[in-house]
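Student: Prediction below, plus the sequence it came from.
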Amino acid sequence: MALSEKEIEHVAILARLEISAAEKTRFGKELGQILDYVEKIKGLDTSRVDPTASVLGDEDVFREDAVRLFPGAAALLDNAPDKEGPFFKVKKVVE
């Protein structure tokens with residue numbers, strides 16, 4: 001599926017990308033190939049295939065919840081890279 005230069009520019013704007021003329025040509029060709037492949041997939045008969053969220057199956061990879069004793073603030077602060085009094089010291093991120 002061939003894309004016009006205007007369509008490629010529109011996609012670049014949506015993706016917040018600044019692309020050169022050479023990149024427009026390259027990405028237009030690549031995006032066209034992707035869209036051609038999607039069209040092929042659309043043509044497949046999937047009426048007998050159950051919808052799935054994952055092809056790998058559902059598997060719980062989380063550990064069991066367990067009640068543990070809280071080590072206390074002092075023990076937690078021992079692992080801090082920088083601290084000030086009873087607090088973690090971090091760089092200011094808001095001006």
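Tutor: Everything's here; your move.

Student: average pLDDT for the lengthiest helix in the chain?
Tutor: Of all the segments of type helix in the chain, defined by DSSP state H, the longest one is helix 21-42. The average pLDDT for helix 21-42 rounds to 92.

Student: who touches that helix?
Tutor: 1, 2, 3, 5, 8, 9, 11, 12, 19 (CB atoms under 8 Å, 6 or more residues apart in numbering). In short, each C-beta sits where N, CA and C put it, glycine included.

Student: how about these in TSV, adding distance to residue 94 and secondary structure?
Tutor: As requested, the contacts of helix 21-42 are exported to TSV (distance: CB to CB, whole Å; DSSP: H, G, I helix; E, B strand; the rest coil):
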residue	distance to residue 94	secondary structure
1	46	coil
2	48	coil
3	42	coil
5	42	helix
8	38	helix
9	36	helix
11	34	helix
12	32	helix
19	34	coil
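
Student: Of all residues in this protein, which one is nearest the centre?
Tutor: Closest to where the C-alpha atoms of the chain average out (CA atoms, centre = their mean) is residue 15, at 13.9 Å.

Student: Out of the contacts of helix 21-42, which end up buried?
Tutor: 3, 8, 19 (16 or more other CB atoms under 10 Å).
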